[in-house]
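S.K.: sequence first, predicted model second:
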Amino acid sequence: MSGDSIRAPRPGATTPAPHRDATTPAAGGVPLDSRAGTGTARTGTPSAGRPDAPGTAEPLLKVRGLTVTLPRGGRPVRLVDGVDLDVRPGEVLGIAGESGSGKTVTGMTLVGLGPERATVTGSVTYDGREMVGLPEKEWSRVRGREIAVVFQDPSSALHPMLTVGRQITDHVRRHQGLDRKQAAARAIELLDLVRIPGGASAAERYPHQFSGGMRQRIAIASALACGPRLLIADEPTTALDVTVQAGIVELLDELRRETGMAIAMVTHDLGVLSSVADRIAVFYSGRVVETGSVAEVIGHPQHPYTRGLLEALPHASLGQRAAVGHAVPLRPIPGSAPAADALPPGCPFHPRCAAAFEGCDRDRPVPVVIGPARTVACALAEPGVVRPAGTPAPAPAAGDAPTAGIPADASADAPARRDA
């Protein structure tokens, strides 16, 4: 395989929509200054009528009702609870939420690397093939070849005693049958692809001889070695400083445009996703609470938790300071996310929610469709209604039950969820 072959989209691959140079307002109508490089946010809305736009293609990965349960203290604890997701060819799906929201467990389960002893139910189909219950022997033929992973900490993901060239190409030799000489040439191609200079000399070096940002690029090169169609990137920028973080995010965006692969990017930072994602799914306590295009979710957040995440961003505060002419304090979300085995009844966010009303502590909200490919799991959500940024939803009258919920006792035998 030549170096050019990985840059060319696969036959039939979707060409992603062009990166639009538009600044999207955050909560309250203030521009969100992204930390991911350009300071602008993507619209995330495919061009109308384009048959190859990511939003109109059939999903490459389709997740329905995904549930991950672990035994703990003699009872089952759900870490992931009924998650629905779609990832289309050439698309970047952002999976966002606090630590403990279930996003990493979801990402690792999608590649058959979920927690030991976990019970996985629901459906995960990749290119029409059901992956839940797939034997490990079959997974080994898919993982690294069709679906690849970039882990959060490259220092842990890379073997300290092996050269980076060896680590990049070991699975290429296994999956594609290359000999040693061909594999060495492939390693140099991949290092060039992820913008690491030095060629053959870089391939002969060890991980500790590179900076943190360079190690993450090496991990990305290893993930791309077999030309996967789907990349799961688990917090790929968490351990990096802001400047290096921007370079990694821009690299991933460039690579998906050059190769046509889809990316599911797991992160706690909506600012990172603002400049690279097409769509966003916001997680809380193992559930998806809001989905939509990046422009919709960041520009017009509808769930109180999503608004809280945006208001807590330092760069959102800087944007407000520029708008009003003086410093604006950060607005942290009060409290902390509940533990997996101590989830409150009803909506798990209600103890921290300023918009909570009577009934939120009893009834578990279900996703409400408020627009095309746009859902919100909140009792205040109304079908087909998108409120302007910064406009709070009117609370129901005292004593009214939420209109979009199910009785809490319907899920009383399904305890709480949180990443371990």
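M.R.: Okay, I see it. Values in this document were obtained by computation on a predicted structure and should not be read as measured data.

S.K.: which ones are touching the residue nearest the centre of the chain?
M.R.: Residue closest to the mean C-alpha point of the chain, counted by CA atoms, centre = their mean, is residue 95 at 2.5 Å. Under the criterion of CB atoms under 8 Å, 6 or more residues apart in numbering, the neighbours of residue 95 are 85, 103, 106, 107, 264, 265, 266, 267, 280, 281, 283. Every C-beta, even on glycine, is put in place using the N, C-alpha and C of the backbone.

S.K.: give me the buried stretch members for the helix or strand containing it, please.
M.R.: Element membership of residue 95, judged by DSSP states H and E, is strand 92-96. The neighbour-count check on strand 92-96 (16 or more other CB atoms under 10 Å) flags 92, 93, 94, 95, 96 as buried.

S.K.: now stretch 212-222
M.R.: 213, 214, 215, 216, 217, 218, 219, 220, 221, 222.

S.K.: of all those, which two lie farthest apart?
M.R.: Within those, two members stand farthest from each other by CB to CB: 213 and 222, at 15.3 Å.

S.K.: A helix includes residue 175, no?
M.R.: Yes. Residue 175 forms part of a helix when assessed by DSSP: H, G, I helix; E, B strand; the rest coil.

S.K.: about what we covered before: list the neighbouring strands of the strand holding residue 95 plus their orientation.
M.R.: Partners of strand 92-96 in the sheet, by DSSP bridges, are strand 262-267 (parallel), strand 279-284 (parallel).

S.K.: can I get those strands in CSV including distance to residue 65?
M.R.: Listed next are these as CSV, based on distance: least, CB to CB, whole Å:
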stretch, distance to residue 65
strand 262-267, 18
strand 279-284, 15
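
S.K.: export those strands to JSON lines and tack on mean neighbour count and distance to residue 365?
M.R.: Formatted as JSON lines, those follow (neighbours: other CB atoms under 10 Å; distance: least, CB to CB, whole Å):
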{"stretch": "strand 262-267", "mean neighbour count": "26", "distance to residue 365": "23"}
{"stretch": "strand 279-284", "mean neighbour count": "27", "distance to residue 365": "11"}
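
S.K.: quick one: closest of those to residue 359.
M.R.: Closest to residue 359 of the strands paired with strand 92-96, according to CB to CB: strand 279-284, at 18.3 Å.

S.K.: hang on, the earlier thing: what is the nearest of the contacts of residue 95 to residue 254?
M.R.: Using CB to CB, residue 265 is the member of the contacts of residue 95 that lies nearest residue 254, at 14.0 Å.

S.K.: my guess is that closest one contacts residue 230, does it?
M.R.: No. In terms of CB atoms under 8 Å, residue 265 does not count as a neighbour of residue 230; the distance is 11.6 Å.

S.K.: which residues do the two both contact?
M.R.: Common neighbours of residue 265 and residue 230 (CB under 8 Å, 6+ apart) do not exist.

S.K.: can I get the CA coordinates of the lengthiest helix in the chain in CSV?
M.R.: Assignment by DSSP state H gives helix 242-259 as the longest helix of the chain. This file holds the C-alpha atoms of helix 242-259, laid out as CSV (Å, rounded to 0.1, in the frame of the first residue of the first chain):
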residue,chain,number,x,y,z
VAL,A,242,-3.6,24.0,24.7
THR,A,243,-1.2,24.7,21.8
VAL,A,244,-0.5,21.0,21.2
GLN,A,245,-4.1,20.2,21.7
ALA,A,246,-5.1,22.4,18.8
GLY,A,247,-2.5,20.7,16.6
ILE,A,248,-3.9,17.2,17.4
VAL,A,249,-7.5,18.3,16.8
GLU,A,250,-6.6,19.9,13.5
LEU,A,251,-4.6,16.8,12.5
LEU,A,252,-7.6,14.5,13.1
ASP,A,253,-9.8,16.8,11.1
GLU,A,254,-7.4,16.9,8.2
LEU,A,255,-6.9,13.1,8.2
ARG,A,256,-10.6,12.4,8.1
ARG,A,257,-10.9,14.7,5.1
GLU,A,258,-8.0,13.0,3.4
THR,A,259,-9.1,9.4,4.1
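
S.K.: which of the residues in it are buried?
M.R.: Residues of helix 242-259 classed as buried: 244-253, 255-257, 259 (neighbour count, 16+ other CB under 10 Å).

S.K.: residue 137: which of those residues is nearest?
M.R.: Taking the buried residues of helix 242-259 together and measuring to residue 137 by CB to CB, the closest member is residue 259, at 27.3 Å.

S.K.: just checking, that closest one touches residue 224?
M.R.: Yes. Using CB under 8 Å, residue 259 is in contact with residue 224, at 7.3 Å.

S.K.: tell me the confidence at residue 323?
M.R.: We have a pLDDT of 55 for residue 323.

S.K.: all the strands of the stretch 101-250 of the chain, residue numbers only.
M.R.: All strands of the stretch 101-250 of the chain, identified by DSSP state E, counting those that start in this stretch, fall at 119-126, 129-130, 147-150, 230-234.
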